[in-house]
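Enquirer: sequence unknown, structure follows:
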Ligand code: SF4
Ligand code: SF4
């Protein structure tokens, strides 16, 4: 998760309500040339609108992903790489943070040692304070949601430099073997606007 909009240029807000948008796009105005040039086109995520879209489309999206998993199209990994780049030009994680608000990362033992050391705690103290062990999947998970390390006033991670590897890789859109992550996308499409956008773009490419 990175800051996506920076710099001192004039920003304009454009309301977009079409079927392909979760909220508002942000662009820049080239005042010298008296014309608007959208040099940044990242969506400010409106989670309420996103959830409505999920209700309408998740069944079809999951079915589509299931087909891709069973019968992967040629060059799937290369196409996924291209789509990943497109998605991150459009989606602004700092206006969303839905993963940190409604999901838990899995913490590996290496993550736990690193983050505990950051707080000058032992691994046991860290686990006792914030985590529980999910017996079913043998994973350490957050006890609470939103994640205790999310700054809700900014949507920023307060332990960004030492965050769990799972957070650093989320939502795993660009993997060497995408087909091995289809089940992950099937789950995440309900929570993650970037995953949703990726599936939407794949459906356009493969229809
Ligand atoms: S849920 Fe997806 S789009 Fe939202 S912050 Fe997390 S990775 Fe970004
Ligand atoms: S550790 Fe940071 S990136 Fe990971 S869920 Fe918590 S706030 Fe989000």
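Expert: That came through fine. Remember, predicted model here, so these are calculated numbers, not experimental data. Ligands and ions are numbered 1, 2, ... in the order given.

Enquirer: What's the biggest helix in this structure, counting residues?
Expert: If you go by DSSP state H, the chain has its longest helix at helix 47-70.

Enquirer: Name the next helix or strand following that one along the chain.
Expert: Using DSSP states H and E, the helix or strand that follows helix 47-70 in sequence is helix 76-90.

Enquirer: what about the longest helix of the chain, average pLDDT?
Expert: For helix 47-70, mean pLDDT rounds to 95.

Enquirer: And ligand 1, is stretch 200-207 touching that?
Expert: No - figure legend: stretch 200-207 not in contact with ligand 1 (C-beta under 6 Å from any ligand atom); closest approach 13.1 Å. Every C-beta, even on glycine, is put in place using the N, C-alpha and C of the backbone.

Enquirer: mind listing what's buried in that stretch?
Expert: The neighbour-count check on stretch 200-207 (16 or more other C-beta atoms under 10 Å) flags 200, 201, 202 as buried.

Enquirer: same thing with stretch 94-108?
Expert: Buried, per 16+ other C-beta under 10 Å, within stretch 94-108: 94, 95, 96, 97, 98, 99, 100, 103, 104, 105, 106, 107.

Enquirer: those helices in the chain, which residues are they?
Expert: Using DSSP H, helices in the chain cover 47-70, 76-90, 98-102, 109-118, 123-130, 165-169, 182-188, 193-206.
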